[in-house]
Structure formats: structure tokens, C-alpha cells
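1. everything below, folded, please.
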Amino acid sequence: MENTKIYWKGLEELNNNPEFIKNSLNEFPESVKKDISTEDGGGSNRRDFLKLMGFSVAAASLAACETPVKKAIPYLIKPEEVDPTNANWYSSNYIDGGDYASIIVKTREGRPIKIEGNRKSTVTKGGTSVRTQASILSLYDGERLRNFTEKGNEVAANVADSKIISKLKEVNSSGKAVYVITSTILSPSLKAAIEEFASKYNAKVVAQDPASAYGISKGNELSFGSAFIPSYDFSKAKTIVSINADFLGTWLSPIEFAKQYGAVRKVSESKPSMSRHYQFESIMSLTGANADFRTMIKPSQEGLVVANLYNLVAEKLGGSTISVSELPGLANLKKAATDLVSTKGESLVVSSSNDPNVQVIVNALNNLLGSYNSTIDINRKSNAKQGNDVSFAEFASKVKTGDVGAVIFYNSNPVYASAFGKDLATNLSKVSLKVSLSDRSDETSSLCDFITPDHHYLESWTDAEPKTGSYSLGQPTITPLFKTRAAIESFMVWSESPIDSYTYIAKYWKANLFSKQSKYSDFQSFWDKCLYDGLFETIPSSSGVSFSGDISAASNAISQKYKV
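-> Next up, the predicted model:
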């Protein structure tokens, strides 16, 4: 259609002033003619040329295309807390599986635009990561699902819920297993909602992490009698030895560790010394690039490095050694052992190995060095990785044999990110009900019967417990953009006890956390303060440490598995 709109250069042209008509006959505007007159008698310069060219391009563009109409609709009743051009900040938390950061979110006119770290947090201490900063872009990601779907077609939420509940009851009566497969869940409220769902349908809940740390928790079970991942404090360590643990990049809690590590690497007049860092690794990592001494090792030598380091330290401290193949000539190993012993009580050894036997030797080494209750805290346990490799392998096996009747995937894509991905892709068709809460159609959700997308975390009420006794709250910074639903609400609807996520989380905090403090006598004041700060901290109970791991059995297993 022909463009019939007329554009004026200004009010003078609109009003057709005589002065404007006179000047319009000139090739150049009067102001430009004056500018191009110079002291040497005339001519033009580069600035004048750019002025004219800029005007020409703008005029040509204006004439060639129709200017889009943008409608600015003011508030009918302006919210008291909103002032145009003035930013509002809201405390929240970033959670993606085991990745966590306590944050504050900058919003303008109801839209989040920037993320900063929350300095009040004793866990992340104001730190963020690249993933945390980039997560704001995922809110506006065009790949996000906008509605509930059934076999790829949009479906109303109540219709999907009705079919899911009916199928769950049918599976229960058939005697087949019901599973909930999740990534690591840091939210205690969401865990409680899933437990209510699991109780109603006799479901098994299994966590699966793409980068598993099951070996660490299993190694601690063999060493101390209970499965857990402790808190590591690099800020208290004068000597750090890491075996393939990229604690500044990807291992466990890199935002937290980076803050701790930086505290002991800065040299000043009042602090003339810094920690000494040894890194033994198979590939270049961010942590290795920052180490004082970096040594390349083969992946097949990882367990042997830990065992040989244990022997070197045990010899210096008068302890008993273990039988293991030696690594003659491995650079920096003896030097690392010497420094560890010289800073006994302020040393730390970490390993990313997923082999429980290797972790038993690491625990024995830290026990010799007096690291527990110093650089390692077992009372304030980390919740960063909760995946159970054995339970997930059992689930994959049952899917293959057709013993699973229903499965719900929450923030989990095991077809893509697990060793059993190929088998699951082939055998999920044997499961009569498959539901995913993914926000997009990924490798796993595309094979599901229903996709009921979860809200983005910036659209949700959330909470988290990244460490024992450290809690945080997250609040919506924008109204949900699409027809999605919070995961808590989905599990409660399917449990036939519908409730909104705000009410559920507030009730959980009132029942479980309010009594852990004595400052506030009424819950509302306590809740408002926690919401404002974004967190609530308690002191976990203290208990002693008694290492009881069988290092001889662990060393025998290492000798059989790892080669020089």
C-alpha cells in the first residue's frame, strides 16, 4: 500500500513560515553555510562533510520507509514505588541446579535489566558469575515455551492437569513405579512440595547432576559414616593442593570459592604473604591458570597422584603409608607435600574425582593435616550437588525393563546429559506417562507426553538453602511473560491440594524457620526483613569428626584402577 503519510522537518515547515520558504531554496542550510566559511577564505572541512552526509542519510531513510508507531501508555494509577527513569532493586537468588548466588535485581518500569551480587550473603559475599549475569537474557529468550503442551500441541492447563492426575492414579493402581527425576534442588519449599506429591503417589525422587559429585558424598560416607559434601574454606588455607578440581570455574560452588581464594591471594603492606597453590590437572582450567605450580597429569594417574601425595605427607608426619604404584619424577609433588606439612592446620587438599576410593584417601590426607574444623567444615554442609548415580542407574534400568509407569522431569535433561541418554531416548516410549517441567522443548521434554513449563526464576517466588543454616528468598521482578506455572504449584495441583507458591513458601518458613530466631516476635516482621535482605542465616549445631575410612582397601582399589 502506498505511503500517504507526510513528515515535516520542523514546526517551521509545518506552519509554512516565509523565512523557511526562502531558506529552503538554498542548497545548504544557513547554519551550515556559516560553518563552512573559514578564516582562509572558505572551503569545507571533514566535520562539515559529515554533518551534511548525516543529514542526507537521515532524510533519505525517512523518505524511504515508514516510521513505526510506538504507543506509550501511562499508568492510570501509578504504583507508589515506581518513578520513571528511577531504578528499583529487589533481592532474589539465582538457582540453576546446584549453581547458586544471592543477588539483587535492578528493574526499570517493571522490567529486570541488571543483576548484582548480594553483599549480605555469607555464602557468595556479593559475588556473581558469567552464568548468573547472563541468566537475565534467558527471561526474554524466544525459545521459551509460552503454553502447556500435549504431544507438541498447545493445551489448556486445567485440561493437562486433569489428564495427568487421571494417568497417575491409573499407574498407581497398576503397581508400576512412579519417578520424579530432578537436578539438584536447593529450595527446601520445593523439596517439601515434591515430597507431598511423592507421598500421594508412592513416587521415588531421584536427583541427577550432569557433572556428578556423588563420589565425594559416597567417600564421606565411607570415611565418616554419613553421605555429605562439606564446606571448603579457601580463605583459611595457606597451602592449597587441587587434583583436577576447577574450583574457580566449575567445581561445586565457584562463586563462593573465588571470593575465598581472592582473599588469600591479595598482597598488601598489612598482609605481605599469600597462599601457595599447587594444581595437578589433565586439561587447562581457569583454576590451573591461576596456580603457582601447575603440573600436567594423565587422567589415568589421578588416583595415584592422591595416593602418592598421602604417602609423602604420612612419611613426614610419622604416619603409616599405603601400598601404591609410585610416580617417580612427577614435578612439584614432593614440594607440595613439604608445604602442606609446614602449614599443617591451615592446609587444604581437594579433588574432583568421582571415585569414592580416591575421595577416601583425600579425606585421610586432610585428616592427617588437621584440616577438619579449620579449612573444612562438616557442620555446615554444602547442598551444591545432590545427584545419586546409583539410584539414577536403577531408574534407567527400570525404564528399559518397562517397570516405570510414570516419570516427571524437573529441571533435568538426562537424555542429553547422562551416560544413559541413548537408552532413555530409546526406552522412554515404554513409560505410559511422561511429564516435563522444562521451559523449552529439549532432548528429554520433546519425548514427553506433556510439557508444563516452569516460571523463569525472575518471575517466581523461590527460596534456597545452599548450605546448612544459610537460607535465601527470591521474589518476582516481573509478571510472568507467558502462560507458565511455578513448579511448586504444579506438584501441588497434581497432589490435588492446589496452592499458590507465595503462600506455600511463606507457610514453610513460618513452620520451619521462624522458630530458629528470637529477634522478631511476629512472623510478618520476620518475613518482611528476610525478604528485604534476601536471606536468613542461622548457626548450625557443632559436632566432632572421627575419620574411620579403610585406606588400605581404598589404595588397593586405586592400584587396580589407575596406571602409571
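2. wait, Phe491 sits on Glu196?
-> Yes. Taking C-beta atoms under 8 Å as the definition, Phe491 is a contact partner of Glu196 at 7.2 Å. Using the backbone N, CA and C atoms, a C-beta is placed for each residue, glycine as well.
3. of those two, give the one with the bigger neighbour count.
-> A direct count of neighbours by other C-beta atoms under 10 Å for Phe491 and Glu196 places Phe491 higher, at 24 against 16.
4. what helix or strand does the more buried one sit in?
-> Element membership for Phe491 (DSSP states H and E) is helix 487-494.
5. what's the mean pLDDT across that helix?
-> Taken as a whole, helix 487-494 has a mean pLDDT of 98.
6. quick check: next helix or strand after it?
-> Next along the chain after helix 487-494, taking DSSP H and E as the criterion, comes helix 501-512.
7. show me what counts as buried in that following helix.
-> The neighbour-count check on helix 501-512 (16 or more other C-beta atoms under 10 Å) flags 501, 504-506, 508-509 as buried.
8. same question, stretch 125-132
-> For stretch 125-132, burial by neighbour count (16+ other C-beta under 10 Å) applies to 125-129, 132.
9. tell me where the stretch 151-300 of the chain has strands.
-> Ranges of strands in the stretch 151-300 of the chain, per DSSP state E, counting those that start in this stretch, are 153-154, 177-182, 204-207, 229-232, 239-243, 276-281, 293-296.
10. and these: which comes nearest Val431?
-> strand 177-182 (8.8 Å; C-beta to C-beta).
11. what's the angle from that closest one to helix 487-494?
-> Orientation check (axes from the mean of the first three to the mean of the last three C-alpha atoms, to 10 degrees): strand 177-182 against helix 487-494 gives 170 degrees.
12. for strand 177-182, what is the average pLDDT?
-> The average pLDDT within strand 177-182 is 98.
13. and if you look at stretch 148-166?
-> Per-residue pLDDT over stretch 148-166 has a mean of 97.
14. need the distance between the two termini of that stretch.
-> Stretch 148-166 has an end-to-end distance of 17 Å (C-alpha to C-alpha, to the nearest Å).
15. returning to what we had before: adding distance to Arg144 and mean neighbour count, write the strands of the stretch 151-300 of the chain out as TSV.
-> Formatted as TSV, the strands of the stretch 151-300 of the chain follow (distance: least, C-beta to C-beta, whole Å; neighbours: other C-beta atoms under 10 Å):
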stretch	distance to Arg144	mean neighbour count
strand 153-154	14	10
strand 177-182	20	23
strand 204-207	24	20
strand 229-232	32	24
strand 239-243	37	27
strand 276-281	37	24
strand 293-296	41	17
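16. any idea which of these gets closest to Tyr310?
-> Closest approach to Tyr310 among these (C-beta to C-beta): strand 239-243, 11.1 Å.
17. picking that back up, which elements pack onto the helix holding Phe491?
-> Packing partners of helix 487-494 (3 or more C-beta pairs under 8 Å, 6 or more residues apart in numbering; DSSP states H and E): helix 157-174, helix 188-201, helix 501-512.
18. helices and strands of the chain: which one bottoms out on pLDDT?
-> helix 30-35 (a mean of 50; mean pLDDT, DSSP states H and E).
19. secondary structure element for the residue nearest to Ile322 when sequence neighbours are not counted?
-> Ranked by C-beta to C-beta, 6 or more residues apart in numbering and with sequence neighbours excluded, the top spatial neighbour of Ile322 is Ser555, at 3.9 Å. Assessed by DSSP H and E, Ser555 sits inside helix 551-561.
20. rounded mean pLDDT for that helix, please.
-> On average, helix 551-561 scores 93.
21. you'd agree Lys114 is in a helix?
-> No. Per DSSP: H, G, I helix; E, B strand; the rest coil, Lys114 lies outside any helix segment and is strand.
22. that older thread, dump the C-alpha coordinates for the helix holding Ser555 into CSV.
-> Extracted C-alpha coordinates of helix 551-561, given in CSV (Å, rounded to 0.1, in the frame of the first residue of the first chain):
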residue,chain,number,x,y,z
ILE,A,551,42.6,-46.6,53.4
SER,A,552,44.1,-50.0,52.7
ALA,A,553,41.0,-51.1,50.8
ALA,A,554,40.9,-47.8,49.0
SER,A,555,44.5,-47.9,48.0
ASN,A,556,44.1,-51.5,46.7
ALA,A,557,41.2,-50.3,44.5
ILE,A,558,43.2,-47.4,43.3
SER,A,559,46.2,-49.6,42.3
GLN,A,560,43.9,-51.8,40.3
LYS,A,561,42.1,-49.0,38.5
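23. remind me what that helix packs against, helices and strands.
-> helix 302-317, helix 356-368.
24. quick check: closest non-adjacent residue to Val264.
-> Leaving aside its sequence neighbours, Val264 sits nearest to Ser275 (C-beta to C-beta, 6+ apart; 4.2 Å).
25. tell me the spacing between Lys385 and Leu186.
-> With the distance defined as C-beta to C-beta, to the nearest Å, Lys385 ends up 11 Å from Leu186.
26. coming back round to it: most packed of the helices and strands packed on helix 487-494?
-> With neighbours taken as mean count of other C-beta atoms under 10 Å, these reach their highest mean count in helix 188-201, at a mean of 19.
27. who's in contact with that one?
-> Under the contact criterion C-beta atoms under 8 Å, 6 or more residues apart in numbering, helix 188-201 has outside partners 168, 171-172, 178, 180, 182, 185, 203-205, 406, 410, 462-465, 471, 487-488, 491-492, 494-497, 501, 504-505, 508-509, 512.
28. I'd say Arg276 and Ala291 touch.
-> No. The criterion here is C-beta under 8 Å, and Arg276 misses it with Ala291 at 9.3 Å.
29. check contacts around Ser253.
-> Each residue near Ser253 by C-beta under 8 Å, 6+ apart is listed here: 98, 100, 123, 382, 384, 466.
30. distance of it from Val350?
-> 12 Å.
31. read off the pLDDT value for Ile499.
-> With respect to pLDDT, Ile499 has a value of 97.
32. how about it, nearest residue that isn't a chain neighbour?
-> Among residues not flanking Ile499 along the chain, Met492 sits closest, at 5.1 Å (C-beta to C-beta, 6+ apart).
33. distance check, that neighbour against Lys204.
-> To Lys204, Met492 is 19 Å away according to C-beta to C-beta.
34. just to revisit the earlier point, which residues are contacting the helix holding Phe491?
-> 161, 164-165, 168, 189-190, 193-194, 196-197, 410-411, 437, 452, 454-455, 498-501, 504-505.
35. on that earlier part again, my guess is the residue nearest to Ile322 contacts Ile361, does it?
-> Yes. With contacts counted by C-beta under 8 Å, Ser555 reaches Ile361, the gap being 6.9 Å.
36. who has more neighbours, these two?
-> Each of Ser555 and Ile361 has its neighbours counted (other C-beta under 10 Å); Ile361 has more, 30 against 24.
37. report the contact partners of that one.
-> 303, 306-307, 310, 322, 551, 554-555, 558.
38. again, only this time at 7 Å
-> Applying C-beta atoms under 7 Å, 6 or more residues apart in numbering, we find Ile361 in contact with 306-307, 310, 551, 554-555.
39. can you give me the strands for the stretch 301-450 of the chain?
-> Taking DSSP E, counting those that start in this stretch, the strands of the stretch 301-450 of the chain run over residues 347-351, 376-382, 404-410, 433-436, 450-451.
40. so which of the ones you listed gets nearest Phe228?
-> strand 376-382 (4.7 Å).
41. I'd like the average pLDDT over that closest one.
-> Computed over strand 376-382, the average pLDDT equals 94.
42. ditto for stretch 88-108
-> In this model, stretch 88-108 has an average pLDDT of 92.
43. got the buried residues for that stretch?
-> So stretch 88-108, judged by 16+ other C-beta under 10 Å, has buried residues 88, 90-107.
44. circling back: intersection of neighbour lists for Ser555 and Ile361?
-> Taking C-beta under 7 Å, 6+ apart as the contact criterion, the common neighbours of Ser555 and Ile361 are Ala307.
45. neighbours of Gly142, just the number please.
-> Neighbour count for Gly142, taken as other C-beta under 10 Å: 6.
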